[in-house]
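J.: From the sequence below, what's the structure:
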Amino acid sequence: MDGTAKKAILDYVKPLAVGLDGVTNYGDVERMVSASETIAEGRAGLDADLLFLLAVFSGQEKWVSRMGHRSRTEIFLSSLGVSPKVVRRLFQSLGRFESAPAAAEEEIVHDALKLEAMGAYGVARGLADAYRDRLDILEMAQSIEDAAAMPLRTEAAERLAASRRSLMREFASRLRAEHAEFARG
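T.: Reported below is the predicted structural model:
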């Protein structure tokens with residue numbers, strides 16, 4: 001897949017991703033591609049086109065599975081020269097890569113998604129979600145710790161996650177301590 005096709009695919013997906021969860025923006029799709037590429041560095045035998053497509057379409061599983069969107073997406077990808085085999089693998093992978101990744105490309109995107117929920121970036125996104133969901137401070141602290149404990153499937157992602165996990169655990173601990181400092185009852 002060449003740069004022109006990749007740009008067209010990004011332009012196709014970005015409007016779908018924006019605003020669905022209240023915090024996603026255009027740059028998040030490109031962050032996912034970049035995170036996936038970073039995790040994949042030095043790993044042999046990967047299908048670069050599938051990895052790119054999984055990263056771009058991550059989070060769009062429900063939209064793609066709705067009536068007409070899958071066939072429209074297949075036609076669009078085919079018009080850009082994406083092979084039918086890669087398109088088929090994309091749709092097979094979308095339903096499973098987040099919870100039960102079966103291929104190396106799926107594991108990489110799984111971990112890229114988890115890394116987005118970790119570290120300072122993850123705390124900021126998590127707090128925005130928590131505020132929207134009306135969680136209290138102690139529930140927010142638990143949510144941050146839960147995100148820090150998420151399992152990853154690749155060594156590269158584990159290396160990237162180490163400092164992020166530490167930051168999150170420290171933040172959750174301080175959040176609880178400061179909350180308790182003036183809590184009554």
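J.: Same question for the host helix or strand of residue 52: list its buried residues.
T.: In the assignment (DSSP states H and E), residue 52 maps to helix 48-57. Neighbour counts over helix 48-57 (16 or more other Cβ atoms under 10 Å) mark 49, 50, 51, 52, 53, 54, 55, 56, 57 as buried. Placement of C-beta: from N, CA and C, glycine included.
J.: Equivalent analysis for stretch 39-47, please.
T.: The neighbour-count check on stretch 39-47 (16+ other Cβ under 10 Å) flags 39, 40, 47 as buried.
J.: May I see the buried residues of the host helix or strand of residue 168?
T.: Assigned by DSSP H and E, residue 168 belongs to helix 155-181. By neighbour count on 16+ other Cβ under 10 Å, the buried set for helix 155-181 is 156, 157, 160, 161, 164, 165, 167, 168, 171, 172, 175, 176.
J.: Please tell me I have it right and the second one contacts residue 111.
T.: Yes: using Cβ atoms under 8 Å as the test, residue 157 is close enough to residue 111 to be in contact (3.5 Å).
J.: where do the contact lists of the two overlap?
T.: residue 39 (Cβ atoms under 8 Å, 6 or more residues apart in numbering).
J.: Who are the packing partners of the helix or strand bottoming out on mean pLDDT in the chain?
T.: When the helices and strands of the chain are compared on mean pLDDT, DSSP states H and E, helix 61-65 comes out lowest with a mean of 78. Counting contacts by 3 or more Cβ pairs under 8 Å, 6 or more residues apart in numbering; DSSP states H and E, helix 61-65 packs against helix 69-79, helix 84-94.
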